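Trainee: Fold the stuff below for me.
(2 chains)
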Protein chains: 2
Amino acid sequence: MNPILLLLSSLWIAYPGDNALHVGSALQTRRLCNNQAYPPFWPAYAAHPGVHFRKKVKLGHDVVAKIEAKGVYRIYCLKKDGVRDGYGTFPKGEYEIWVNCFNQKEPPAIRITGEGVDTDGGWTADWGDGRVPCETFEDDPTASPLRTEPRQFKSVEKDGDGLFADLGREDFGFLTLRDVRGTGRVTVVYGESPAETRETKVADMETWELVDVRPGDVRLPVSRGWRYVSVRPEKGVSVGSLGYEREYYPLDGAGAFRCSDAKLDEIWRVSRYTLATTMREIPVEGAKRDRWTWSGDAVQSFLMNYYVFGALKPVRDALWYMRGGDPVVKHQNHIMDYTFYWFVALDDYYRYTGDLAFMKQVYPRAKTLMDFVIGRLDAEGRPHERPDDWVFIDWAPEELHNRGGVTSFETMLLARSLEALAGCADLCGDGAAADYRARAAKLRAWVKPTFWNEEKGGLMHLRKDDGTLDAQFTRYPNVFGLFYGYFDGREKRRVIDGVLNSDAVMAIQTPFMRFYELEALAKEGLRGEVLKEIRSYWGAMLDLGATTFWELYNPKESGDRHYAMYGRKYAKSLCHAWGASPAYLLGRYYLGVEPVKPGFAEYSVKPDPAGLEWMEGAVPTPTGPVKVSVRGGRATATGNGGRGTLYWNGKTAAIPPHGEVTL
Amino acid sequence: MNPILLLLSSLWIAYPGDNALHVGSALQTRRLCNNQAYPPFWPAYAAHPGVHFRKKVKLGHDVVAKIEAKGVYRIYCLKKDGVRDGYGTFPKGEYEIWVNCFNQKEPPAIRITGEGVDTDGGWTADWGDGRVPCETFEDDPTASPLRTEPRQFKSVEKDGDGLFADLGREDFGFLTLRDVRGTGRVTVVYGESPAETRETKVADMETWELVDVRPGDVRLPVSRGWRYVSVRPEKGVSVGSLGYEREYYPLDGAGAFRCSDAKLDEIWRVSRYTLATTMREIPVEGAKRDRWTWSGDAVQSFLMNYYVFGALKPVRDALWYMRGGDPVVKHQNHIMDYTFYWFVALDDYYRYTGDLAFMKQVYPRAKTLMDFVIGRLDAEGRPHERPDDWVFIDWAPEELHNRGGVTSFETMLLARSLEALAGCADLCGDGAAADYRARAAKLRAWVKPTFWNEEKGGLMHLRKDDGTLDAQFTRYPNVFGLFYGYFDGREKRRVIDGVLNSDAVMAIQTPFMRFYELEALAKEGLRGEVLKEIRSYWGAMLDLGATTFWELYNPKESGDRHYAMYGRKYAKSLCHAWGASPAYLLGRYYLGVEPVKPGFAEYSVKPDPAGLEWMEGAVPTPTGPVKVSVRGGRATATGNGGRGTLYWNGKTAAIPPHGEVTL
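Mentor: Numbers count the residues shown, from 1 in each chain, chains lettered A, B, ... in the order given. This next block holds a predicted model:
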């Protein structure tokens, strides 16, 4: 924000998270499927219609202030000698200002500009429960953060009585039907592949809408995610040409990666673009489908974002949206693991940002979410499956889902959630931390004796209700066991060699779970193997012409079969945030940049070219990008704020706060 | 509703209570004080933005249906052979229809019209928690139920450069400034007395607003409650004349009362009008001030309503609004006793209506409210005062309020609440009834041994934290002890003679608590005394020119001092719902009509003219009014549906379902 503007007007303040709930919920309803809106099936929460804003002030003289509000409001000055209304002039003295604001259409918000009474993060908000620090906004809180700009099509062809067009790459934006003649209906079919877009069988069409047109230009009111479009006017109507405006979240380009392998560079760039395309008001899972925000997907996209854009507001807003309000009545997206991931995401957010103000705002809701979780555990405090909780883990054979009992995977993830929440509790001075840690320790201590199978050399998947272990043996718990430090050196080697590197154990097909698998391996130092996997799995999508990464890639499939999923011919998303994990892995484990203290107050740079001849890049931090380059056997790191340390070839060197060091 | 229309279109359905929350909250913000909006300070709840409507259907053939929705929506037909979209045509077969509707601006609602798929009370609604029966609406759920009609002023006079006008009686409506000349500001001061309306000192003015005008007619956008208005244009502006449209809730006139005492007739008519004037979308406490809905006030107005209008939708909507949503974070209106009264009101509602569908809709929220209450009780399950709970009881000397400890009054009211909720639990088949009853019994058993003072012959007010009783001795617990059956015959007489009929014990001044006092006496058969009190207390307000009954009447005051309250010169409300209790008392204890089984399925008529030469009247019931007349020593009752019994002079007679009987 322009510092001059800061002098001229104050910040808008609102109940923390309410704008995110409002905007996030609205975003979810813009999904289109078969010419109909498609709101999500999980609970939607409203903003609080009535909010109290409060601040203690000490004014040396009467202050004339400018007051702006979204909603009807009343101002009180709670002076010892009686309550006074505070319109326009705040009287001299020491007292609390209380603004009671009400709005049913959008979240209540106020902006007061005046010496000593400016609205800022020092104000609190409440609606009847405890006071929390306000959320602040430089501009109108409900204004869309998205921008638009016109873009040319790569090609627009006549196609029967209509048109068929290609943007050249997957994008997100508004179509305009130009030079329409006649009055009637036009069927618009969006697609991510030519086959999908040319489909004419309604049962197989995914994203299409009927548009009522009149002569002239018709700009369609809702943006869609697509690469191709087929425009099919009914008899008596014609469309002369097409226009397009892309709609995007403005993201700066702090993150960077280049290296001696052009394929890896392209994988990084396409990862970045995939992430940018799925970034809306808050991140969505896929551009075409399902344009919803899924907690597990979002948690991964946050990590990628920290290494590519460092755009923190969409992360905060997504955390609020995913969390929802109170009371909690369902797991996030109805999925038990997705609730657990949310706690991990909160922990990650603090690690990458050091944003204590946000943690204090959100902590009350983290607690009530954990109350919900704990209320659903079994008598031993374990995450037993319940009929109305979906245990997802990953898209995997049906027999792995919802079978009752307790999985080792969910148990480890719950333990991690409790540890994450204990950290938040410490930050907020809540003694409940001890209980969260005790619960986590009990779960941790239970996992290995219960699930470890010495013969197979890994953790079994499921403990059934009769107390025996199911025969299923999968990668999932072993990835998390490795990742969350459940194994000693010998066990690690058995898991890596006998499970993760074994063709005998069912392979992971989604980039979602591959993210964790590859990260676990990268963390264990197997950087060369991981780079090889990135090249082969993501490289193969590029070889198939991908301009964004997919929801799922199965090397055994071919041709248009790649587009099928969920038993539908074109249901697969070809622009899926969870597909962009190389952007995270390359920044974290190859450029090797990582916060040591929250918000990069301290950080380490441990580059690992893993056989690449050279590499260079940058990672955003709250104080600016940290740059890394490795060339000719030497490593250079350039600081931009915090206290960094470069680790290279067994040596260490301090990175200047603003300057570079080479080892 | 017109039965022909029923054939043409179905009902709108919505999540139960959500429209009441939405409309009720909006209503509260229309209060004006000192030219500024005045939203209430208690928590406001939003409607659920995402609602799932569901119904199992069995269709013999494909059904073409008309679908209307408030919000974006998606329809699923959950057929065994796969989910199908249901737009326009619902396929033949047996399956569940699921409509997922989303709206952030007003509560989601749908209307489906088609054979076998009509929306009606058989549909359920949910938002993530359990399914509840839908609320149904004959018309647009958010359309205002209020009507307007033009009315003449009694007088409009020139007053300096402005105008002063009198409606002739208190009313609620829209002012129009007619024949405005010039552009500028007009100060409009509303008042319930000439003195208030002529006040020019801003600090003493209550309900006034600055209106920006241009030449022509300016209709003020918000209706206000008032009798007089002072219109004061600034220099360069003039107002030629005034127009007025009253705004009212359409109420039919089923309830009636006439007798040989003209004063009593007038008291009944003014009571009725007071009640009608405070009836908005939901009942408000007062017309001028504070135009908010207070639970304790509303609970009384419901009882009056059952005897005068029998208008049930405003009662249901007020019950929803007062209850609010979840989570519960404060007592209703921040007042402990007001939460307790809500349970009593629910019990009353069922008694007068037999509306089981509503009880089932509201019961989940009654339970979570009691969870909140129970969570705030002390270790013995008693309603100990907490610093953030207001213990109101009545407008009484400050030393009776918020002193810590446990009051006998709140304890008895809590016991009654638990008993009321146990009844609801029985209706809804919830086993929690036993726990509620056990808690109530424990409280009941504790009251007399703890609070009874043999010397004073009544219950003491407060048990302090040191276990001793405070010296205060008041009418309040003794009224409730009598009313809720805590006393044996000897104790009753001591309480009636030594407390209620004693000048030594501080008199009750508000009609609010007088309601309970007089009802307790009337219930004990002291009808003559009560009639005398009604004549003297309410009659005195009429003698002072009241056109509606007041918030408080103190016979010791005189002149304009009657208008003062809360330390403000004109703060008192002169049109206050709780002032209308004679309408209830006369119907219930003199006409003597009372339900014996819920909804008047069985009822009794026990007329008691209490010395009146003759009386006649009618009481609304769900099947139509029951009429009663007493003349020449004989009593006649006319039935209109249920099974009634007339009791007169020691004899009984069945009242024909549609016809009359005389004893």
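Trainee: Buried residues, the helix or strand harbouring A:Lys58. List them.
Mentor: According to DSSP states H and E, A:Lys58 maps onto strand A:50-59. Neighbour counts using 16 or more other C-beta atoms under 10 Å in any protein chain shown place A:Gly50, A:Val51, A:His52, A:Phe53, A:Arg54, A:Lys55, A:Val57, A:Leu59 of strand A:50-59 among the buried residues. C-betas here are computed from N, CA, C, even on glycine.
Trainee: from the chain's centre, how far out does it sit?
Mentor: Centroid separation for strand A:50-59 versus its chain: 33 Å, with C-alpha atoms, centre = their mean, to the nearest Å.
Trainee: quick one: strands adjacent to the biggest strand by length in chain A?
Mentor: Longest strand in chain A by number of residues, with DSSP state E as the criterion: strand A:162-181. Looking at strand A:162-181 with DSSP bridges, its partner strands are strand A:155-159 (antiparallel), strand A:216-219 (antiparallel), strand A:224-233 (antiparallel), strand A:238-248 (antiparallel).
Trainee: avg pLDDT for the third one?
Mentor: Throughout strand A:224-233, pLDDT has a mean value of 98.
Trainee: buried ones in that strand?
Mentor: Quick answer for strand A:224-233 (16+ other C-beta under 10 Å): A:Arg224, A:Gly225, A:Trp226, A:Arg227, A:Tyr228, A:Val229, A:Ser230, A:Val231, A:Arg232, A:Pro233.
Trainee: Report the contact partners of A:Leu160.
Mentor: Heads up, residue A:160 is Gly, not Leu. Counting by C-beta atoms under 8 Å, 6 or more residues apart in numbering or on different chains, A:Gly160 makes contact with A:Arg232.
Trainee: before we move on, the earlier item: which pair in the buried residues of strand A:224-233 spans the largest distance?
Mentor: A:Gly225 and A:Pro233 (23.2 Å; C-beta to C-beta).
Trainee: just to revisit the earlier point, going by distance to B:Gln36, which of the buried residues of strand A:224-233 wins?
Mentor: Out of these, the member with the shortest distance to B:Gln36 (by C-beta to C-beta) is A:Arg224, at 45.0 Å.
Trainee: Now the closest one: closest residue in space, sequence neighbours ignored.
Mentor: Once flanking residues are discounted, A:Arg224 sits nearest to A:Tyr190: 5.1 Å by C-beta to C-beta, 6 or more residues apart in numbering or on different chains.
Trainee: and what of A:Arg291?
Mentor: A:Arg291 sits nearest to A:Arg31 (C-beta to C-beta, 6+ apart), 4.3 Å away.
Trainee: residues near the residue of the stretch 51-200 of chain A found nearest chain B, how many?
Mentor: The minimum distance from the stretch 51-200 of chain A to chain B, using C-beta to the nearest C-beta, falls at A:Gly128 (3.2 Å). Number of residues near A:Gly128 (other C-beta atoms under 10 Å in any protein chain shown) recorded here: 19.
Trainee: What about it? Give its phi and psi, please.
Mentor: The phi and psi values for A:Gly128, taken as degrees, to the nearest 10, are phi 140, psi -30.
Trainee: Apart from its chain neighbours, what residue comes closest to it?
Mentor: Nearest non-adjacent residue to A:Gly128 (C-beta to C-beta, 6+ apart): B:Pro43, at 3.2 Å.
Trainee: what residues are up against A:Pro91?
Mentor: A:Leu59, A:Asp62, A:Cys77, A:Lys79, A:Arg84.
Trainee: is it true that the third one touches A:Lys92?
Mentor: Looking back up the chat, that one is A:Cys77. No: the pair A:Cys77 / A:Lys92 is not scored as a contact, 10.3 Å apart, by C-beta atoms under 8 Å.
Trainee: These two - which one has more neighbours?
Mentor: A:Cys77 (20 against 13).
Trainee: what pairs with that one across the strands?
Mentor: Per DSSP bridges, the residues bridged to A:Cys77 are A:Arg84, A:Ile97.
Trainee: A:Leu177 now?
Mentor: A:Val218, A:Leu242.
Trainee: Looking at it now. What's its pLDDT?
Mentor: At A:Leu177, the pLDDT value in this model is 98.
Trainee: I'd assumed A:Val237 was in contact with it.
Mentor: No: in this structure A:Leu177 lies outside contact range of A:Val237 using C-beta under 8 Å: 9.5 Å.
Trainee: Mutual contacts of those two, please.
Mentor: Common neighbours of A:Leu177 and A:Val237 (C-beta under 8 Å, 6+ apart) are A:Val186, A:Val213.
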